[in-house]
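Chemist: coords please:
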Amino acid sequence: MEFLHVLLLGAIQGVTEFLPISSSGHLILARHLLGIQQEPQVAFTFDVIIQLGTWLAVMIYYWADIRAIATDMWAGLRGQPGPLARLGWMILLATVPAVLIGWPLKDRMAGEMSGLFFTGIFLLINAGLMLLAEWLGKRSRQLADANLNDALLVGIAQAVALLPAVSRSAATMAGGMLQNFTRRDAARFAFLMSVPVMPAAAAVGFWDLGHLPNPGALGLPLLGGFLAAALVGYFSIRWLLGHLSRNSFMPFALYCLVLGSLVLYFS
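Modeler: Numbering: from 1, shown residues only. Purely as a prediction, here's the structure:
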């Protein structure tokens with residue numbers, strides 16, 4: 001795989017991990033359009049590991065929040081919980097469904113469900129999730145109001161996003177909005193949820209990497225994709241949060257609707 005292709009895939013990951021249009025779906029489409037040939041397991045492992053770049057973008061952007069949450073949780077373990085401890089436990093609880101479901105399904109996700117037909121189907125599901133969130137969500141709650149029920153339901157939405165071309169951002173933000181959170185708070189919760197779940201997914205990717213033939217050959221491509229995803233991802237977060245302060249998810253829903261229909265037609 002050419003290094004330019006690596007940088008492009010990393011940049012696509014950085015943009016589409018946070019915009020609710022499916023990073024995995026766009027990586028699948030990019031490989032087809034660019035003629036990039038990779039074994040399904042190699043492609044899956046590559047994509048999972050470069051997600052660490054977008055995880056780094058979240059860590060940098062939300063560092064003050066993450067540090068405050070971790071501090072309050074640690075204080076809570078010593079019997080003096082701070083005001084953000086509850087949010088931290090909600091984030092961890094929301095991670096559980098993805099961890100329990102992700103490992104058993106990972107081989108299947110890397111195989112027959114990563115083709116163009118399923119990509120088109122799941123892009124349409126993305127569109128449907130965002131449309132439902134816009135139509136049914138009342139946008140009347142703040143993230144400080146989150147409870148165990150919210151965490152579990154948004155966590156289940158995140159587990160659904162383990163399917164190829166189902167956007168984690170779309171599923172989790174739609175889950176939050178269907179629990180009547182504002183768009184911006186639903187996005188903040190979705191992004192903070194990625195802090196524990198992305199390293200867990202990357203650990204699976206590194207495990208698989210060690211079982212691939214000649215894993216060292218992926219070292220430089222992974223580094224290039226990681227850096228591109230981190231840089232582009234940081235600016236994607238900034239842009240999306242600004243957009244959601246004033247606008248809806250409708251442009252993203254329409255984009256997924258059109259793209260999914262075109263993929264199904266041409267597949």
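
Chemist: alpha carbons only for contacts and neighbour counts from here, please
Modeler: OK.

Chemist: Let me know the helix or strand that residue 43 is in.
Modeler: For residue 43, the host element (DSSP states H and E) is helix 40-61.

Chemist: How about residue 76?
Modeler: Taking DSSP H and E as the criterion, residue 76 maps to helix 63-77.

Chemist: pLDDT-wise, which helix or strand of this protein ranks last?
Modeler: Lowest mean confidence among the helices and strands of the chain (mean pLDDT, DSSP states H and E): helix 85-109, at a mean of 79.

Chemist: I'd like the next helix or strand past it.
Modeler: Tracing the chain C-terminally past helix 85-109 and defining elements by DSSP H and E, one meets helix 116-136 next.

Chemist: Render the CA-only coordinates of that next one in CSV, please.
Modeler: This file holds the C-alpha atoms of helix 116-136, laid out as CSV (Å, rounded to 0.1, in the frame of the first residue of the first chain):
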residue,chain,number,x,y,z
LEU,A,116,-20.1,-3.0,-0.5
PHE,A,117,-23.7,-4.4,-0.2
PHE,A,118,-23.6,-4.3,3.6
THR,A,119,-21.8,-0.9,3.5
GLY,A,120,-24.8,0.5,1.6
ILE,A,121,-27.3,-1.0,3.9
PHE,A,122,-25.6,0.3,7.0
LEU,A,123,-25.2,3.8,5.6
LEU,A,124,-28.9,3.8,5.2
ILE,A,125,-29.3,2.7,8.8
ASN,A,126,-27.0,5.6,9.8
ALA,A,127,-29.4,8.0,8.0
GLY,A,128,-32.4,6.4,9.7
LEU,A,129,-30.8,6.7,13.1
MET,A,130,-30.2,10.4,12.7
LEU,A,131,-33.6,11.1,11.2
LEU,A,132,-35.2,9.4,14.2
ALA,A,133,-33.1,11.3,16.6
GLU,A,134,-34.1,14.6,15.0
TRP,A,135,-37.8,13.8,14.8
LEU,A,136,-38.2,12.2,18.2
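
Chemist: What residues sit buried inside it?
Modeler: Residues of helix 116-136 classed as buried under the neighbour-count rule (16 or more other Cα atoms under 10 Å) are 116-131, 133-134.

Chemist: Contacts only, for residue 66.
Modeler: If a contact means Cα atoms under 8 Å, 6 or more residues apart in numbering, then residue 66 has 59, 192 as its contacts.

Chemist: what about it, distance to residue 123?
Modeler: Separation of residue 66 from residue 123 (Cα to Cα, to the nearest Å) stands at 31 Å.

Chemist: next one: residue 135
Modeler: Shown here: residue 135 relative to residue 123, a distance of 19 Å by Cα to Cα.
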